[in-house]
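Visitor: Provided below are the primary sequence and the corresponding predicted coordinates.
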Amino acid sequence: MVSRESLVPMERIERAIFVIRGQKVMLDADLAELYGVLTKVLNQAVKRNKERFPVDFMFQLTKEEKDEVVTNCDHLKRLKFSPTLPHAFTEHGAIMLATILNSPVAVQASIQVVRAFVRLRQMLASNADLARKLDTLERKYDAQFKVVFEAIRQLMTPPEPKRQQIGFIHKKRA
């Protein structure tokens, strides 16, 4: 049995979930690390069991998708020069991976992966529920509360990251 301390923190798993092609997925490199195998071994197991991975469980990234993910995620920089395009696994694909890898680490990690996907789904649902309730309240009360509702909506949207200008400022000598 694998101890809870040896498992990857939930936050690490949540950061490894991306939205690609409108689906929440994890890449083969991240899943291999979680399941305690090499990415090559994971992909070989998938090839041997192709019938278990329909397109709604797994798909291969395009070159453009790979470049975007590598650019946006520091922990995936090692994939930058890899000639192989990564595979993306949906929640069901990640669970199926655990069944074909069939190791204690894979089983425990798959439980954490499922919990991370469920937690993400719950957060999205509660945000949508809050938006619906806010719409109902907004219709119910008159225009004097419009400012309050607008402020709440602004708080619900995540702030855009501040970008600092890169470069040097050349000062003219007097």
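Guide: All right, it came through fine. Residues are numbered from 1 along each chain as shown.

Visitor: now what about stretch 61-69, what contacts it?
Guide: For stretch 61-69, contacts defined as C-beta atoms under 8 Å, 6 or more residues apart in numbering pick out Phe18, Ile20, Arg21, Leu27, Leu76, Leu79, Leu85, Pro86, His87, Ala88. The C-beta positions use only the backbone N, C-alpha and C, and glycine is treated the same way.

Visitor: what mean pLDDT would you report for it?
Guide: Summarised as a single mean, pLDDT over stretch 61-69 is 91.

Visitor: could you list the buried residues of that stretch?
Guide: Neighbour-count burial for stretch 61-69, counted by 16 or more other C-beta atoms under 10 Å, picks out Leu61, Glu65, Lys66, Val69.

Visitor: of these, which belong to helices?
Guide: Secondary structure from DSSP state H places Glu65, Lys66, Val69 of the buried residues of stretch 61-69 in helices.

Visitor: longest helix in this structure, please.
Guide: Ranked by residue count under DSSP H, the longest helix found in the chain is helix 104-140.

Visitor: by contact count, what packs against that one?
Guide: Judged by 3 or more C-beta pairs under 8 Å, 6 or more residues apart in numbering; DSSP states H and E, helix 104-140 is in contact with helix 10-15, strand 17-20, strand 23-27, helix 28-35, helix 91-101, helix 146-156.

Visitor: list the helices and strands the first one packs on?
Guide: Meaning helix 10-15. With contacts taken as 3+ C-beta pairs under 8 Å, 6+ apart, helix 10-15 sits against helix 104-140.

Visitor: Ala88: which element?
Guide: For Ala88, the host element (DSSP states H and E) is strand 87-89.

Visitor: state the mean pLDDT of that strand.
Guide: On average, strand 87-89 scores 94.

Visitor: would CSV of the ones in helices among the buried residues of stretch 61-69 with distance to Ser126 be doable?
Guide: Formatted as CSV, these follow (distance: C-beta to C-beta, whole Å):
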residue, distance to Ser126
Glu65, 29
Lys66, 32
Val69, 27
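
Visitor: among these, which one lies nearest to Ala109?
Guide: Val69 (20.7 Å; C-beta to C-beta).

Visitor: off-centre distance for stretch 72-91?
Guide: Offset of stretch 72-91 from its chain centre (C-alpha atoms, centre = their mean, to the nearest Å): 12 Å.
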